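> show me the folded form of this:
(chains A and B)
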Amino acid sequence: MAEVVAALIALSAFARSAQFFLHTWLPYTMSGPTPVSALMHAGIVNAGGFLINRFAPVFVETSGVLHWLFVVGLTTAVIGSVLMLTQNDIKKALGYSTMGQMGFMIMECGVGAFSLAIFHLIAHGLFKGTLFLGAGGVIGQARKNDGVPTDPLYHFVVEKRPTRNRKPWILMAGLTLLVPAAILIVTHWLVAQDFYQKQGAIVLLFFGWVTGAQLLFSAYRMRTGNLGRLLVMIIVSFAIVVLGYTLISHAFDLFLYPNEAFRAGIYAAAGIDVFWFDILVVLMTVVIVAGWLRTYYSERSATPGSQSANPVWLGFYALISREFYISDGYSWMVRRLDRLATRLNVMLRWI
Amino acid sequence: MQTLYWMLAGLFLPLFPLSMLFNAIYQRTDNVWLRVLLLLIWPLPGIWLLDISVGEMPGWLPLWALLSSVLYAFRAVVIRDLGIWSGFMATSAWSLAWLATGSEAPAVTLLMHVVSFSMPLLVLNFLAAEIERRYESVYAGIVSGLGLTVPRLSGLLVITILAVISSPLFPGFFSMLSNITHSLMDNPLAGLGVGIIWLLWSWSGIRLLQLFLVGQESRSNHADIGRVAGLGYLTLLILLITGGLYLSGDIL
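Here you go, the predicted structure:
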């Protein structure tokens, strides 16, 4: 019974937080005034994470529901981010960004990091609200003057042209491994002796590593005259991201779920077999690193204007630009239902 | 004889196709006061018949009631005439009283169920009369863009339709909640059915609002609803919320 109840609660959280297949309403609410969008994206969609947290005692009693949460959240995070990249409307792009963030939040619940989802929804509410409220100003300003100087940063951000004078790539790659390792050791010493033996903690560190490393690679692509300063900035931001995932999660855990046995119960409900867990971590690491390498080499070898149109990629792009035909599918279904209801009404003479 | 008895009850707590009689009469009644009277008294004989019934209710009757309710909720999705829509909503809502009867509810509880659905429909009828006075029609699409031309009337229409589709705090919400809870105890599928009905009501209500409020503004020589009349309607809606909060107790 707990499984059914938890699955239904999860379903309602999916609808509220615009998870994949139940997400179409979110980007299409953008025709409303921007402050309303800000309120919706900073507040209403977060209700999914809140709902799951409120019903944490139900989810603790389940064995498989949290895994589904992880899968749905992961799918939504990936698809939301991909759709965001293809939008040319700033508000719609922000809408799909919300979808991706909500997927990430549900995924956090799926690995048992319930309290981290709460931290995430607060942080997301603040930054997404700010972005929406600033969107109108950005559009207005851009209409008057794009104001972008054609400096190296412009070439990098707008023209996507890689800069030539790069810092040693191997140094940056080394940093992505050294900084999390250092933080892992500090966390192990500060928080709990068995910290890195918990699956949830490893997953969080993994997220921290991916996010931080992404940040590092973005910084790497910038050109600066002061290498030492850039390195310090990179290390500090990377450390903040990874620390954020570990220490803030721990602090929120202690605040929201003071009972240690209950906290352990949530992680146990989200846990999977160690063998499969290790396989998944390795697989995801390989996929992410392969993605980075692909990006690195394609940028390195690319010269502007030389890219040929690969039909597979074009097909994929067309699929994304039609948003996987999900909205079209729903519209088709609604039209059929309308026709059926009208036919029934005519048959029964509208009484 | 017993079957005839149930059929008679099914005429007043409408079961399809007996429900067509109520809707035919309701749609032919032009006077708003007569419509209101019809909404108030039509289900009462049904409640009385159920209360004095002696034999046990056949198991297929609640299922029939549920299907009748689904049918009218589904048909209401494409209705654009406020008059026809309110009749369909009344039919769909009153049929659900049979589910409460299945849980052997006393007559007072049944009456509460029926009244909680009828009251917002009364207010809607008065508002429909206000719209008709201004635009000579209550057909969504012909009448549109009310949000900009008559904002006060539009605001009241929004709140009233939300009350009709049983949004939280209004009496219908607690009635539906009780229906779902009781149905789930008896049969989880019936609970799902009530959930679908609720979804269809919301869909049709929001569609109507969309058609009435936005779009090309309809022309009217009459002004927006007066402040005093507006306050009067608002008081009625606040009373409905108070009634809803009363029902949130252990009444249903």
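> for the stretch 151-252 of chain B, which spans come out with low pLDDT?
Judged by pLDDT under 70, the stretch 151-252 of chain B has its weakly predicted residues at B:250-252.
> sorry, that was for the stretch 51-200 of chain A
A:146-173, A:175-177, A:179-181, A:183-184, A:186-200.
> pick out the residue of it closest to chain B.
A:Leu51 (15.3 Å; Cβ to the nearest Cβ). From N, CA and C alone the C-beta is placed, and that goes for glycine too.
> which ones are touching A:Ile139?
A:Ile90 (Cβ atoms under 8 Å, 6 or more residues apart in numbering or on different chains).
> let's see 10 Å
Going by Cβ atoms under 10 Å, 6 or more residues apart in numbering or on different chains, A:Ile139 touches A:34, A:89-91.
> so which strand or helix has it?
Using DSSP states H and E, the element containing A:Ile139 is helix A:114-144.
> ok, B:Gly55 next?
Applying DSSP H and E, one finds B:Gly55 in no helix or strand.
> that one: neighbouring residues, count only.
10 (other Cβ atoms under 10 Å in any protein chain shown).
> give the burial count for the closest residue to it other than its chain neighbours, as a bare number.
In space, and not counting its chain neighbours, B:Gly55 is closest to B:Gln2: 5.2 Å by Cβ to Cβ, 6 or more residues apart in numbering or on different chains. A count of nearby residues for B:Gln2, using other Cβ under 10 Å, gives 12.
> again with B:Gly141
14.
> need the pLDDT of A:Leu216.
With respect to pLDDT, A:Leu216 scores 66.
> what does A:Glu299 give?
Per-residue pLDDT puts A:Glu299 at 67.
> surely A:Gly112 touches A:Val65?
No. Here A:Gly112 lies out of contact with A:Val65, judged by Cβ atoms under 10 Å, at a distance of 11.7 Å.
> what's the distance between A:Val65 and A:Gly271?
Separation of A:Val65 from A:Gly271 (Cβ to Cβ, to the nearest Å): 13 Å.
> ok, which residues in chain A are in contact with chain B?
By the rule Cβ under 10 Å from any Cβ of the partner chain, the part of chain A lying against chain B is A:4, A:334, A:337-345, A:348-351.
> the helix or strand containing A:His250 versus helix A:114-144: what angle between them?
Per DSSP H and E: A:His250 is located in helix A:249-256. Counting by axes from the mean of the first three to the mean of the last three Cα atoms, to 10 degrees, helix A:249-256 lies at 120 degrees to helix A:114-144.
> need the next SSE after the helix or strand that contains B:Thr109, C-terminal direction.
Assigned by DSSP H and E, B:Thr109 belongs to helix B:107-135. The helix or strand immediately downstream of helix B:107-135 is helix B:146-149, counting by DSSP H and E.
> after that next one comes which helix or strand?
Sequence-wise, the next helix or strand downstream of helix B:146-149 (DSSP H and E) is helix B:151-164.
> and the residue of the stretch 51-200 of chain B closest to chain A?
Counting by Cβ to the nearest Cβ, the stretch 51-200 of chain B gets nearest chain A through B:Val78, at 4.4 Å.
> burial of that residue, as a residue count?
Burial of B:Val78 is recorded as 18 neighbouring residues (other Cβ under 10 Å).
> now do the contacts for the nearest residue to it once chain neighbours are set aside.
For B:Val78, ignoring the flanking residues on the chain, the nearest one in space by Cβ to Cβ, 6+ apart is A:Ala341 at 4.4 Å. Residues in contact with A:Ala341 (Cβ under 10 Å, 6+ apart) are B:71, B:73-79, B:200, B:204.
> A:Gly265 now?
Residues counted as contacts of A:Gly265 (Cβ under 10 Å, 6+ apart) are A:56-57, A:59-61, A:112, A:257, A:259.
> ok, of the residues you listed, which one's closest to A:Phe20?
Comparing the contacts of A:Gly265 against A:Phe20 with Cβ to Cβ places A:Phe59 closest, at 20.1 Å.
> what about the closest one, which SS state?
For A:Phe59, the assignment made with DSSP: H, G, I helix; E, B strand; the rest coil gives helix.
> who's in contact with the nearest residue to it once chain neighbours are set aside?
Spatial nearest neighbour of A:Phe59, excluding adjacent residues (Cβ to Cβ, 6+ apart): A:Ala6 at 5.3 Å. Listed by Cβ under 10 Å, 6+ apart, the contact set of A:Ala6 reads A:52, A:55, A:58-66, A:68-69, A:269.
> mind pulling up the pLDDT for A:Ala6?
In this prediction, A:Ala6 carries a pLDDT score of 94.
> what helix or strand is it on?
For A:Ala6, the host element (DSSP H and E) is helix A:2-16.
> what comes up buried for that helix?
Neighbour counts over helix A:2-16 (16 or more other Cβ atoms under 10 Å in any protein chain shown) mark A:6, A:9-10, A:13-14, A:16 as buried.
> nearest to B:Leu236 among those?
Distances from B:Leu236 to these, taken by Cβ to Cβ, are shortest for A:Arg16, at 31.4 Å.
> having no further points to raise, I will conclude here.
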